[in-house]
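>>> My questions concern the predicted model and sequence given below.
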Amino acid sequence: MSTLPVSTWSRRTHTCGALRRADAGSTVVLNGWVHRRRDQGGLIFVDLRDRYGITQVVINRDDNAQAHEAASGVRSEYVLAVTGQVRERPAGTTNPDLDTGEIEVGEIERVEILAASQPPPFEITSDRDIDESVRLTHRYLDLRRIRMRELTELRFNISRVIREHLWERDFLELETPTLVKSTPEGARDFIVPSRHYPGQAYALPQSPQQLKQLLMVAGLDRYFQLARCYRDEDLRADRTAEFTQLDIEMAFVEREDILELIETLYLRLARELSTKRLLQEPFPRITYADAMERYGTDKADLRFGLELVDVSHAAAGHGFRVFDQVVQSDGVVKAVVAPGSAAFTRREVDRLQDVVKANGAAGLATIALNSDGTLRSPLARFFGDDALRELARAAGAEQGDLVCLVADKRETANAALGELRLALGEKLDLIDPDVLAFGWIIDFPLFEPNEETGGLTFSHNPFCSPADDSFDLLYTDPAKATAKQYDLVCNGHEIGGGSIRAHRAKDLHRIYQVMGFDEDSIQEQIGHMLQAFEYGAPPHGGIAMGLDRIAMIFGDTANLRDVTVFPKNQAGVDLMLQSPSPIDSAQMKELGFAMHEANN
């Protein structure tokens with residue numbers, strides 16, 4: 001058995017997903033991969049697959065012995081060209097799961113083997129879990145799987161709709177450089193040494209932040225691109241070192257203009273490309289302070305309730321020293337109620353303890369409102385029955401519920417109970433996977449504490465404008481200033497964020513001063529921005545939306561790598577290309593740098 005010379009093979013007349021009953025009687029040529037093969041002696045059935053679908057091919061020895069002989073040697077993932085006639089399937093043999101399920105291609109004239117295949121390291125036809133390292137090593141095979149093809153096409157269609165939406169609104173799609181200057185934007189840069197300038201380097205862009213603002217100074221008042229971005233940071237399932245973001249900037253706008261643009265875009269994306277139900281429109285708007293108090297996070301999952309409740313007033317003053325001391329030192333006692341969970345076992349409660357302790361809390365106290373009307377709580381020896389019931393009422397609990405309490409600094413209590421809320425939402429099956437719950441988080445602080453220096457650093461990025469009532473605070477009490485920052489969240493993920501920018505040179509200069517930069521450092525980092533702003537910078541703002549993350553949500557996967565064509569693994573390694581890899585010594589010498597082995 002041999003494959004045909006490249007120049008002689010028959011090119012397809014139709015794709016493997018195109019044929020229907022109306023095509024019966026037509027002679028066609030199909031090209032594709034062997035998805036499945038069933039040999040019944042005189043009859044060989046081949047499911048031929050390409051990107052567009054699957055068509056059943058029936059090779060009958062009585063019709064064409066030569067074609068049957070050729071088909072006898074094919075195996076899974078062989079590449080074939082098949083010439084034959086479309087016909088309706090016999091009664092009782094149609095396949096409603098296939099778009100082509102009413103027809104088959106028979107009366108085969110020719111079977112051509114265009115390429116043979118080694119046995120794949122995993123079943124292309126299987127939906128079962130496959131070790132990710134094997135999938136990533138053979139990504140070109142993984143992408144043949146129907147599920148991966150669907151995710152790849154979903155991502156393409158998200159890009160398509162985005163472009164259509166913005167083109168219709170007079171946006172210019174412009175490219176910005178990939179080799180840029182290293183600036184502080186929240187993560188480590190990937191650097192690229194310069195051969196022409198020894199000892200100097202470019203950085204790969206964490207985002208086109210400064211460049212898109214300079215486009216506004218240039219008068220190109222509606223810009224977007226699907227920008228590749230690079231951040232050298234610790235990886236996780238929903239974070240990768242290189243990613244794509246929808247990058248937008250607009251001049252002569254305020255916050256409402258950008259929120260309206262993005263909301264209409266994401267409503268369109270959801271309606272055209274997702275089967276999930278929209279929970280609420282227009283999208284709710286929640287201040288950063290409220291999000292932290294109610295959900296314990298600024299990327300709240302709004303698909304379910306279980307909001308955090310401050311019960312400090314009902315918890316203090318009953319002789320329980322832990323609660324009393326926390327409240328007296330400006331901490332809080334906060335609660336989240338697990339509905340119908342009063343009968344949780346000791347082991348189940350211990351797991352809840354583990355969640356809050358892993359997120360910084362000292363421990364968890366509980367009150368079980370048993371179905372028989374009694375109470376069960378380790379607090380019973382400090383609180384009377386009436387005081388415990390009052391505490392449970394303050395938390396919003398009812399009979400059959402379990403009240404979970406954390407006493408700590410406000411930030412710690414919010415973070416711990418926020419994670420506990422998510423754990424309870426999953427355990428109690430409160431999170432509907434078929435819902436899209438979008439929401440805007442607004443009114444962020446302009447600065448946050450810098451744990452390394454003890455000073456202040458930017459909350460989101462250093463180019464945010466103070467809120468209208470915070471310009472004076474920027475100069476007098478910057479820690480209290482709020483920003484014109486906004487994030488869009490969906491199902492517990494931050495899918496994008498942006499701000500109205502500080503477009504006056506003096507305000508941007510002041511922001512860097514607050515962060516502890518001296519004059520030389522300010523000029524080194526953003527001197528070009530400050531200079532540009534002296535030439536008539538318009539009020540402007542923008543946003544960056546994670547393309548990979550919304551594809552992940554729409555595609556019902558928890559892993560960004562599933563919606564990236566050629567991803568790195570969780571350790572940042574490309575298993576297919578075996579990258580990163582050693583650099584040739586001659587290349588290193590040419591670049592003028594040396595590699596040092598890391599200490600073990």
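Cool, the structure landed.

>>> quick one: A481 from V253, how far?
Separation of A481 from V253 (CB to CB, to the nearest Å) stands at 21 Å. Where C-beta positions appear, they are placed from N, C-alpha and C, glycine not excepted.

>>> meant to ask about I108
When CB to CB is applied, the distance between I108 and V253 equals 62 Å.

>>> more neighbours, these two?
I108 (23 against 20; other CB atoms under 10 Å).

>>> by contact count, what packs against the helix or strand that one falls within?
Assigned by DSSP states H and E, I108 belongs to strand 103-115. Contact partners of strand 103-115 among helices and strands, from 3 or more CB pairs under 8 Å, 6 or more residues apart in numbering; DSSP states H and E: strand 27-39, strand 53-60, helix 65-72, strand 79-88.

>>> Between these, which one is closest to D386.
D386 sits nearest to strand 53-60 of all these, at 68.1 Å, using CB to CB.

>>> coming back round to it: out of the helices and strands packed on strand 103-115, deepest packed?
When the helices and strands packed on strand 103-115 are scored by mean count of other CB atoms under 10 Å, the highest mean neighbour count falls to strand 53-60 (a mean of 22).

>>> For that one, what is the distance to the chain centroid?
Centre-to-centre, strand 53-60 and its host chain are 38 Å apart (CA atoms, centre = their mean, to the nearest Å).

>>> got it, and stretch 328-343?
On CA atoms, centre = their mean, the centre of stretch 328-343 falls 31 Å from the chain's centre.

>>> Now that stretch - C-alpha only, CSV.
In CSV, the C-alpha atoms belonging to stretch 328-343 read as follows (Å, rounded to 0.1, in the frame of the first residue of the first chain):
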residue,chain,number,x,y,z
GLN,A,328,-13.1,46.7,70.0
SER,A,329,-10.0,46.8,67.7
ASP,A,330,-12.1,47.9,64.7
GLY,A,331,-12.4,44.4,63.3
VAL,A,332,-15.7,42.8,62.3
VAL,A,333,-17.7,39.7,62.9
LYS,A,334,-19.3,38.7,59.6
ALA,A,335,-21.5,35.8,58.6
VAL,A,336,-22.6,33.8,55.5
VAL,A,337,-25.6,31.5,55.8
ALA,A,338,-25.6,28.0,54.3
PRO,A,339,-29.3,27.3,53.6
GLY,A,340,-30.6,23.9,54.7
SER,A,341,-27.3,22.9,56.0
ALA,A,342,-27.9,22.7,59.8
ALA,A,343,-27.3,18.9,59.6
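
>>> For the closest residue to T15 other than its chain neighbours, grab the count of nearby residues.
Spatially, and ignoring its direct neighbours in sequence, T15 is nearest to Y52 (3.9 Å; CB to CB, 6 or more residues apart in numbering). Using other CB under 10 Å, Y52 has 15 neighbouring residues.

>>> can I assume Y52 is in contact with A18?
Yes: contact criterion CB atoms under 8 Å: Y52 and A18 qualify, at 6.5 Å.

>>> can you pull the buried residues of stretch 564-576?
The neighbour-count criterion (16 or more other CB atoms under 10 Å) identifies 564, 567-570, 574-576 as the buried residues of stretch 564-576.

>>> any idea which of those is closest to E448?
Q570 (27.7 Å).

>>> Look up which helix or strand that closest one falls in, please.
Per DSSP H and E, there is no helix or strand for Q570.

>>> Next one: the closest residue to it other than its chain neighbours relative to T287, how far apart?
The shortest distance from Q570 to any non-neighbouring residue, by CB to CB, 6+ apart, is to L235 (5.3 Å). Separation of L235 from T287 (CB to CB) stands at 31 Å.
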